[in-house]
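Chemist: sequence first, then the predicted structure:
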Amino acid sequence: MAIDLQQVSAVDVEPGELPKTMAAWVIREERFGEPKDAFQIEEIEVPEPGAFEVIVRVMAAGVNYNNVWAALGKPVSVMRYGDHPEFGHHIGGSDASGIVWKVGPGVTRWKPGDEVVVHCNQASYEDPEVHGLDPMAAPSQKIWGYETTWGSFAQFTKVQAQQLLPKPHALTWEEAASYGLVYFTAYRMLITRCNLQPGANVLIWGAAGGLGVFATQICSLAGAHCVGVVSSAEKGELVKRLGAVDYIDRGEFAGMMRKGGETPEEEKARFGVSRDFAKRVKDILGDAPDIVFEHVGKATFPTSVFTAKTFGKIVICAGTTGIDLDFNVAYLWMRQKEILGSHFANAYECTKANELIESGQIRPVLWRTLGFEGVAEAHQLMLENKHLGKISILVGADSEGQGKTAEGPGAIHAEVGA
Ligand SMILES: NC(=O)c1ccc[n+]([C@@H]2O[C@H](COP(=O)([O-])OP(=O)(O)OC[C@H]3O[C@@H](n4cnc5c(N)ncnc54)[C@H](OP(=O)(O)O)[C@@H]3O)[C@@H](O)[C@H]2O)c1
């Protein structure tokens, strides 16, 4: 049956009941490739909630880089993980705002009709790590809508009850769907992993990107000083508006990027540019950074290790330009720096971070809101680095501006082009 896109925002059942089928954007293994080809709309059976699970009607969904990776089938195929082998499809989407529609056995904190946002960490209730260490340490830990199917690019999504957070009242559906994955990741990286302190100096790569806009605001709120690296003056102005001391246009230091396979002469030249970059960072912050906020990976990691202050920390959650890093380890050991891996956040961190959104101290940065038909296009824009801040997708909401139940600062709408 062909999906009528005009009808996606409407459902003909009351909270507590589920329709038989729904519209969903689906990735399948045989279509792996650029997002514009890999994502297709299909009619899919609506799942029932199991124990401690909840079906949420998606009002808006947030776009993240992880489903660019899912579309490409790189660096790994998501089809090998989680519940993918059972269902044979990938419905992506690791951010959502919506309405609790049906709860499974055992759920007591939420009821049909509650307005929520969803954090994307799943782990089994039965794993001991969940109860005493950290759910991120559980063998069953997975990112919903990436390592699992039933993500948010569909009319309904299936989540664990512990993934639900109250929707911030002053945000519209699209604003509320836009921030969870990147903001909660940046929160754990800086607050938990690096113990960010007032007065600390921080270097943030990709500061106008999804992670970066939140890393910048967290630094500002914590009384830390940060400099953001970006690729245009417009992005730089956004980063300053979010509280950075200043920005650096990476175009001025293009020669510092590690490509791999450099000859000794090329490496010497590259290192010279890294040194100039480190000097610029120091000039802006008044000292070398105590923390380098990393996710670019291969291209920037040698510069990050070199630029961090003696005893400083390089915290990393991704390798967008490559995951095999090579760098001069002497700058690590001689100057006693630390490299810290970090991955998303636990439910408690998500809850604390979400309270800062409710109070308006941290604000989502929303670049574009697209209709349900825009899911493939949005991921293609991300792949091509043609976006700025976050992109939201309207699903149950039939226009922008709906869902706000209190006055407040709302999101920052980044109006400048990338
Ligand atoms: N492990 C986790 O829990 C987790 C969570 C969230 C995201 N991630 C990963 O983190 C990465 C970034 O996510 P995001 O949402 O922030 O993506 P994003 O919105 O695309 O932002 C990334 C930024 O990195 C910069 N960048 C891109 N290529 C670069 C290069 N060659 N050198 C220097 N900077 C470059 C770009 O900024 P400029 O062009 O302005 O420099 C871009 O805005 C992705 O790989 C994502 O999958 C991991």
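Modeler: Cool, got the structure. Residues are numbered from 1 along each chain as shown.

Chemist: and the stretch 51-200 of the chain, which of its residues are near the ligand?
Modeler: Applying CB under 6 Å from any ligand atom, one finds that the stretch 51-200 of the chain approaches the ligand through 64-66, 181-182, 185. For every residue, glycine as well, the C-beta is placed using N, CA and C.

Chemist: which of the residues you listed fall in helices?
Modeler: 66, 181-182, 185 (DSSP state H).

Chemist: could you check how many residues crowd around Gln197?
Modeler: Residues contacting Gln197 under the criterion other CB atoms under 10 Å number 11.

Chemist: need phi/psi at whichever residue of the stretch 101-250 of the chain sits closest to the ligand.
Modeler: Of all residues in the stretch 101-250 of the chain, Gly209 sits closest to the ligand, at 2.0 Å by CB to the nearest ligand atom. Here is the backbone geometry of Gly209 (degrees, to the nearest 10): phi -90, psi -170.

Chemist: what distance do you get for it to Thr185?
Modeler: 12 Å (CB to CB, to the nearest Å).

Chemist: where's the dip in pLDDT among the residues of the stretch 51-200 of the chain next to the ligand?
Modeler: The lowest pLDDT within those belongs to Tyr65, with 93.

Chemist: measure that residue to Lys313 for me?
Modeler: When Tyr65 is compared with Lys313 (using CB to CB), they lie 23 Å apart.

Chemist: over to Asn121?
Modeler: Note on Asn121: its distance to Lys313, by CB to CB, is 23 Å.

Chemist: same check on Pro35?
Modeler: Distance, Pro35 to Lys313, by CB to CB: 34 Å.

Chemist: show me where this structure has helices.
Modeler: Ranges of helices within the chain are 35-38, 66-72, 84-87, 128-132, 173-176, 180-187, 210-222, 233-241, 264-285, 301-307, 330-333, 347-358, 375-383, based on DSSP H.

Chemist: pick the most buried one from the ones you listed.
Modeler: helix 173-176 (a mean of 31; mean count of other CB atoms under 10 Å).

Chemist: how far is that helix from where the chain is centred?
Modeler: The chain centroid and the centroid of helix 173-176 are separated by 15 Å under CA atoms, centre = their mean, to the nearest Å.

Chemist: CA atoms of that helix as PDB?
Modeler: Extracted C-alpha coordinates of helix 173-176, given in PDB (Å, rounded to 0.1, in the frame of the first residue of the first chain):
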ATOM      1  CA  TRP A 173       7.900  19.400  19.400                       C
ATOM      2  CA  GLU A 174      10.600  20.000  16.900                       C
ATOM      3  CA  GLU A 175      12.800  21.900  19.400                       C
ATOM      4  CA  ALA A 176      12.300  19.100  22.000                       C
END
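
Chemist: elements contacting it?
Modeler: Here helix 173-176 touches strand 53-62, strand 95-103, strand 365-370, strand 390-394, going by 3 or more CB pairs under 8 Å, 6 or more residues apart in numbering; DSSP states H and E.

Chemist: dump the ones you listed to CSV, plus mean pLDDT and distance to Thr157.
Modeler: Listed next are the helices and strands packed on helix 173-176 as CSV, based on pLDDT from 0 to 100; distance: least, CB to CB, whole Å:
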stretch, mean pLDDT, distance to Thr157
strand 53-62, 98, 5
strand 95-103, 98, 6
strand 365-370, 95, 18
strand 390-394, 96, 12
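
Chemist: OK, contacts around the most centrally placed residue in the chain?
Modeler: For the chain, the residue sitting closest to the mean C-alpha position, by CA atoms, centre = their mean, is Val182 at 2.8 Å. Going by CB atoms under 8 Å, 6 or more residues apart in numbering, Val182 touches 64, 210-211, 213-214, 390.
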